[in-house]
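**Q** Sequence first, then the predicted structure:
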Amino acid sequence: MRECKIIFFLENNLNQCMSEIILKSANSWIETKKKVVLATVIKTWGSSPCPIGSKMIVNEKGEFLGSVSGGCVEANIINECLELIKNKNSFKKIHFTVQDESAWSVGLACGGELTVYIEQIN
Amino acid sequence: MKTEILKEIIKRNSLKEDFAVLTNLSTGNSEIFDSKKLPGKEFKNYENKIKNFYNLKKNGIIDGTQIFIFNYIKPVEIIIVGAVHIAQYLIDLLKNFNFIVTIIDPRKYFTTEQRFQNVKIINEWPNNALEKIKTNKNFALITLTHDPKIDDPALSYALKNKFFYIGALGSKKTHENRCKRLKEAGFGEKEIRSIHGPIGIKFGGKSTPEIALSIVAQLVSETNKILLNSKN
């Protein structure tokens, strides 16, 4: 067995690259005069799939990039983002809990919970 | 979020600096924070708490506040010795993660622009090249030439400078011989054993992309192990 190296200084955030790609795309959408809403995972509980800081962007056509869950709540986020644009609001917090199996409701099949913050970029 | 802040995040990210983005979840305002900057009026009441999260590189809602912090961290750096075919696949896979990659190879016919784009290449012998880079313990080394005169000096350098991950390509026999040479050069058994050789996790593939994938899998796994230890 290899000895476990314990080092106390290493810092990295391996999923930072995804943020970078998504924010760059947001910027290019804005430059083509599209309205853009940024969704960010701000809190997670249990086994929710995307870590805090995971991002998704949505434009007024409903096109999106990135993710905030494993596909469980993206459709709902798109609708919330479109509402935000339509109502000219600037931000909103949305909380998702465990899926209700008896209904076709939005929810997390994984048993996790998460809060997503959506905000218009302008 | 204001467009200027978005542009500033993109700019700072491309400079690979350490910084964080603060968002006030009750007003919707955001700003950029770093160690040289004092938090603005919406955040200054929580300066100590913000600094605490920032120094620990913790992401999330700061306890007892309506402030969300997300840290952008200067990535760890990967040095690849050998601009061989596997390196091309490695670059492709590594760009999905937060790493800064540099390739070192003194052989000019390997380091052509046609083979490598958008990656830093140093066309020198590893000793000279590594001395030019300010390395620290946030560095990893991957040697791919399996030519002792190119790989060995890089491995010695990485061992002496305590890189957090060192991996060397080559068969079991090649690696045995490599270990013997390093022992003769004065390295201890524990140090030599810290080298991942033959490099990569085992999943039975022999093709170039499979080898590259097995190396990236091992590198990411080792990085995560140490990150977890750093946080606990």
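**A** Received the coordinates, thanks.
**Q** which ones are touching A:V58?
**A** By CB atoms under 8 Å, 6 or more residues apart in numbering or on different chains, the contact list for A:V58 reads A:V36, A:V37, A:A39, A:F64, A:I77, A:I78, A:C81, A:L82. To be clear about C-beta, it is placed using only N, CA and C from the backbone, and glycine gets the same treatment.
**Q** Read off the pLDDT value for B:K49.
**A** At B:K49, the pLDDT value in this model is 96.
**Q** Just give the nearest non-adjacent residue to it, would you?
**A** Leaving aside its sequence neighbours, B:K49 sits nearest to B:I62 (CB to CB, 6 or more residues apart in numbering or on different chains; 5.0 Å).
**Q** For the nearest residue to A:N59 once chain neighbours are set aside, give me its contacts.
**A** Leaving aside its sequence neighbours, A:N59 sits nearest to A:K34 (CB to CB, 6+ apart; 4.4 Å). Contacts here follow CB under 8 Å, 6+ apart; on that basis A:K34 touches A:N59, A:E60, A:K61.
**Q** try 10 Å
**A** With contacts defined as CB atoms under 10 Å, 6 or more residues apart in numbering or on different chains, the neighbours of A:K34 are A:A26, A:S28, A:I57, A:N59, A:E60, A:K61, A:E63.
**Q** Include neighbour count, pLDDT and secondary structure when you put those residues into JSON lines, please.
**A** Listed next are the contacts of A:K34 as JSON lines, based on neighbours: other CB atoms under 10 Å in any protein chain shown; pLDDT from 0 to 100; DSSP: H, G, I helix; E, B strand; the rest coil:
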{"residue": "A:A26", "neighbour count": "26", "pLDDT": "97", "secondary structure": "helix"}
{"residue": "A:S28", "neighbour count": "10", "pLDDT": "97", "secondary structure": "helix"}
{"residue": "A:I57", "neighbour count": "23", "pLDDT": "97", "secondary structure": "strand"}
{"residue": "A:N59", "neighbour count": "21", "pLDDT": "97", "secondary structure": "strand"}
{"residue": "A:E60", "neighbour count": "14", "pLDDT": "96", "secondary structure": "coil"}
{"residue": "A:K61", "neighbour count": "10", "pLDDT": "96", "secondary structure": "coil"}
{"residue": "A:E63", "neighbour count": "12", "pLDDT": "96", "secondary structure": "coil"}
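**Q** nearest to chain B, of the residues you listed?
**A** Nearest to chain B among the contacts of A:K34, counting by CB to the nearest CB, is A:A26 at 6.2 Å.
**Q** Quick one: distance of stretch B:10-29 to the chain centre.
**A** On the basis of CA atoms, centre = their mean, to the nearest Å, stretch B:10-29 sits 21 Å off its chain's mean C-alpha point.
**Q** Flag the shaky bits of chain B, pLDDT-wise.
**A** Residue ranges of chain B with pLDDT under 70: B:230-232.
**Q** at 90 what do you get?
**A** Low-confidence segments of chain B (pLDDT under 90): B:16-17, B:37-38, B:56-57, B:73-76, B:95-98, B:118, B:134, B:136-138, B:203-206, B:224-232.
**Q** Which residue ranges make up the domains of it?
**A** B:3-72, B:76-231 (automatic domain parsing).
**Q** okay if I get these as JSON lines plus mean neighbour count and distance to A:G70?
**A** Output for the domains of chain B, formatted as JSON lines (neighbours: other CB atoms under 10 Å in any protein chain shown; distance: least, CB to CB, whole Å):
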{"stretch": "domain B:3-72", "mean neighbour count": "16", "distance to A:G70": "19"}
{"stretch": "domain B:76-231", "mean neighbour count": "18", "distance to A:G70": "17"}
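**Q** Next, format the ones you listed as a markdown table and append distance to A:G112.
**A** A markdown table is the format used below for these (distance: least, CB to CB, whole Å):
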| stretch | distance to A:G112 |
| --- | --- |
| domain B:3-72 | 15 |
| domain B:76-231 | 20 |
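**Q** wait, which of those is closest to A:G46?
**A** domain B:3-72 (15.0 Å; CB to CB).
**Q** ok so, going back, can you tell me how far the residue nearest to A:N59 sits from B:F70?
**A** Distance, A:K34 to B:F70, by CB to CB, to the nearest Å: 23 Å.
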